[in-house]
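A.B. asks: need a structure here:
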Amino acid sequence: MPLTMYRLSIPAFTRGFSALGGILDKAEAFASDTGIPLAELFEARLAPDMLPLAGQVQRASDTSKNAIARLTTLEAPRFPDDEQSFADLRGRIAKTVAFFESVKPADLEGSESREVTLNFTKLKVSFSGEDYLLKFVLPNFYFHVTTAYDILRHKGVPIGKPDYIGSLD
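C.D. replies: Residues are numbered from 1 along each chain as shown. Sure, this is the predicted structure:
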């Protein structure tokens, strides 16, 4: 099977969110077992200028779903960043994955050469679709998933590399 933009994106995002959901489940169980308030985990951050756990999940969702929209003619669903609980975060993950389930391989055909332009505060950057996915989207997505993992690990949640990697089948 050839390597396609679909195979490089949708399965990676779906797998990442599956692992993230499992990590959130373990965090909730940890809080219940230890008596740590869920809010302490929900609002935890690695550094004062970094987003808390909820923000990491929100950015992973936004990065991935907006990338698919930019690479196709599909419209990404919009979610307000108003999650207040672990259940809300799992709901956001579920809605994001539901969007990915609606994407067909044909939707991404030819997107490797599609021009994608991002406007940052003082910088405008244009990419080919392939470079956008490989050099910006996937690193950004994994940064936020990894940071969510790191926040919970730092707070003592008993998770390890197999929780992050997920199933190998």
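
A.B. asks: if you average pLDDT over stretch 146-163, what comes out?
C.D. replies: In this model, stretch 146-163 has an average pLDDT of 97.

A.B. asks: show me where this protein has strands.
C.D. replies: Per DSSP state E, the chain carries strands over the ranges 115-120, 123-128.

A.B. asks: will you turn these into CSV that also has distance to Arg153?
C.D. replies: In this view, the C-beta of every residue, glycine as well, is placed from N, C-alpha and C. Output for these, formatted as CSV (distance: least, C-beta to C-beta, whole Å):
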stretch, distance to Arg153
strand 115-120, 30
strand 123-128, 32
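
A.B. asks: Which of those strands sits closest to Ala29?
C.D. replies: strand 115-120 (38.5 Å; C-beta to C-beta).

A.B. asks: Asp33 versus the residue nearest the centre of the chain, what's the distance?
C.D. replies: In the chain, the centroid-proximal residue (C-alpha atoms, centre = their mean) is Ala60; its distance is 2.6 Å. Taking C-beta to C-beta, to the nearest Å as the measure, Ala60 falls 26 Å from Asp33.

A.B. asks: next one: Glu75
C.D. replies: In this view, Glu75 and Asp33 are 42 Å apart by C-beta to C-beta.

A.B. asks: circling back to that earlier point, run through the residues that contact the residue nearest to the centre of the chain.
C.D. replies: Contacts were defined as C-beta atoms under 8 Å, 6 or more residues apart in numbering; by that measure Ala60 touches 16-17, 20, 141, 144-145, 148.

A.B. asks: rerun that using 10 Å as the cut-off
C.D. replies: Contact analysis of Ala60 by C-beta atoms under 10 Å, 6 or more residues apart in numbering lists 13, 16-17, 20, 92-93, 96, 140-148.
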